[in-house]
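>>> can you look at this prediction? I've put the sequence above it.
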Amino acid sequence: MTNIKVFSGSSHPDIAQKIADRLGIEPGKVILKKFSNGETCVEIGESVRGEDVYIVQSGCGEINDMLMEMLIMLNACKIASSCRVTAVIPCFPYARQDKKDKSRAPISAKLVANMLSVAGADHIITMDLHASQIQGFFDIPVDNLFAEPAVLKWIRENINEWRNSIIVSPDAGGAKRVTSIADRLNVEFALIHKERKKANEVASMVLVGDVKDRIAILVDDMADTCGTVCHAAEKLLEAGAVKVYAICTHGILSGPAVSRINNSMFECVVVTNTIPQDQKMKQCSKLRSIDISMILAEAIRRTHNGDSKPDLNLFLNRP
């Protein structure tokens, strides 16, 4: 591949390296540092004039610092005369703040979209947006990729009795996601209706569906403090489920999440590597990680070559 550069921010260099390896190129040279007053400094270490540039930065760790670093990298490449700059954001920051749900509340996801556009992004590639309508916040192309092919592959290869499983959504908002996976596996689905007291705290749960004598697979887009999924696991076991698994695209796993998983009734909790998981996997024997760099790399290759994105699903779903 010619006239293409892939640069990595400091949030997740491992996935950027895997993407570059799959594309058969070396990651671009960039120096990332901070001044003594905390300001971010970026130096692009090679020419990007006339190049198709991809900047890989995930919304994790010190999110505000990572976001600022990405904006500066985008702008640095844009004013260095690159022909196109694409922000590759495996986990989109502030995605849960996508609507004005109470008086004087901000729509922070819209603000992030504006910042990316103003910084010089010509294109966005991300994965499993918390709310798909975030794509409408942009006036530039947005490719919202799905981890579903990798999830289906993991279920078929790691759960021996998956044909006797039921796919469960921990909330009504994820119904579309679980019905898609259930249809592909030709199994039934259920959902849990939950009411929240406040953010990250669930007041009550009601199971809709029959999980008795089945393997329950909870599927969600992100796992943060894991209070919801752990509570849901207990509810499913009380309803007669034989085993309970959880599969979440973005394993944020903040606060007490790791200890909750260790003390939970899950067989295992599966997340993708949109966020680095190496340290947390050392602390939690029930945690598993799925590599989705192949999906991101193929999306980049097709974007660079001008190939059709709908065909990407056919490519990823090949046995």
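Here it is on my side, so go on. Numbers count the residues shown, from 1 in each chain.
>>> output the lowest mean pLDDT helix or strand found in this protein.
helix 310-316 (a mean of 57; mean pLDDT, DSSP states H and E).
>>> could you confirm S10 falls within a helix?
No. With DSSP: H, G, I helix; E, B strand; the rest coil as the criterion, S10 is assigned coil and is not in a helix.
>>> contact partners for N3?
Applying CB atoms under 8 Å, 6 or more residues apart in numbering, we find N3 in contact with 50-52, 83. The C-beta positions use only the backbone N, C-alpha and C, and glycine is treated the same way.
>>> so how far is V53 from it?
N3 sits 10 Å away from V53, going by CB to CB, to the nearest Å.
>>> what strand or helix carries E234?
E234 belongs to helix 227-238 when assigned by DSSP states H and E.
>>> how far does the very next helix or strand once past that helix sit from its chain's centre?
Using DSSP H and E, the next helix or strand after helix 227-238 towards the C-terminus is strand 243-251. Averaging C-alpha positions (CA atoms, centre = their mean, to the nearest Å) puts strand 243-251 13 Å from its chain's average.
>>> right, and the helix or strand after strand 243-251?
helix 257-262.
>>> so which bits of that next one are buried?
For helix 257-262, the buried set under the neighbour-count rule, 16 or more other CB atoms under 10 Å, comprises 257-258, 260-261.
>>> show me the two of those residues that sit farthest apart.
V258 and R260 (7.3 Å; CB to CB).
>>> if we can go back for a sec, so the helix holding E234 versus strand 243-251, what angle?
Interaxial angle, helix 227-238 versus strand 243-251 (axes from the mean of the first three to the mean of the last three CA atoms, to 10 degrees): 160 degrees.
>>> name the residues of helix 227-238 that are buried.
If you call a residue buried by 16+ other CB under 10 Å, then helix 227-238 has these buried ones: 227-233, 235-237.
>>> same thing with stretch 289-297?
The neighbour-count check on stretch 289-297 (16+ other CB under 10 Å) flags 289-290, 292-293, 295-297 as buried.
>>> first-to-last residue distance for stretch 161-178?
18 Å (CA to CA, to the nearest Å).
>>> give the contact list for M281.
287-289.
>>> how is this structure divided into domains?
Per the record's domain assignment (automatic domain parsing), the chain is made up of the domains 4-146+293-316, 148-290.
>>> what segments of the stretch 1-150 of the chain are helices?
13-23, 63-78, 108-119, 148-158 (DSSP state H, counting those that start in this stretch).
>>> now for those, which one comes closest to A241?
helix 148-158 (15.5 Å).
>>> tell me which other helices or strands the closest one touches.
helix 175-185, strand 243-251, strand 268-272, strand 287-290, helix 310-316 (3 or more CB pairs under 8 Å, 6 or more residues apart in numbering; DSSP states H and E).
>>> quick one, what contacts the residue in the chain sticking out farthest from the centre?
When distances to the mean C-alpha position of the chain are computed (CA atoms, centre = their mean), the maximum falls on S36, with 32.2 Å. Applying CB under 8 Å, 6+ apart to S36 gives no contacts.
>>> check what pLDDT it gets.
Listed pLDDT for S36 reads 94.
>>> about what we covered before: just give me the least confident of the buried residues of helix 227-238.
By pLDDT, T228 ranks lowest within the buried residues of helix 227-238, coming in at 85.
>>> thought G59 was touching S11?
Yes. Using CB atoms under 8 Å, G59 is in contact with S11, at 7.5 Å.
>>> what touches both of these two?
With CB under 8 Å, 6+ apart, G59 and S11 have common neighbours M66.
>>> mind showing which ranges of the stretch 101-250 of the chain have poor pLDDT?
195-203 (pLDDT under 70).
>>> next up, the contacts around D221.
Here D221 is in contact with 128-130, 174, 177, 248-250 (CB under 8 Å, 6+ apart).
>>> among the residues you listed, which two are most distant?
L129 and C248 (14.0 Å).
>>> got a list of contacts for stretch 8-21?
Contacts of stretch 8-21 (CB under 8 Å, 6+ apart): 6-7, 26-28, 30, 32, 55-61, 66, 69-70, 73, 88, 90, 273-276, 278, 291, 293, 296-297, 300.
>>> out of the residues you listed, list just those in strands.
6-7, 30, 32, 55-56, 88 (DSSP state E).
>>> pipe those into CSV and attach pLDDT, distance to T40 and neighbour count per row.
Below are these laid out as CSV (pLDDT from 0 to 100; distance: CB to CB, whole Å; neighbours: other CB atoms under 10 Å):
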residue, pLDDT, distance to T40, neighbour count
V6, 97, 20, 23
F7, 98, 14, 27
V30, 97, 12, 19
L32, 95, 7, 16
I55, 98, 14, 26
V56, 98, 16, 29
V88, 98, 19, 29
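>>> quick one: which of those residues is nearest S308?
Nearest to S308 among these, counting by CB to CB, is V88 at 18.9 Å.
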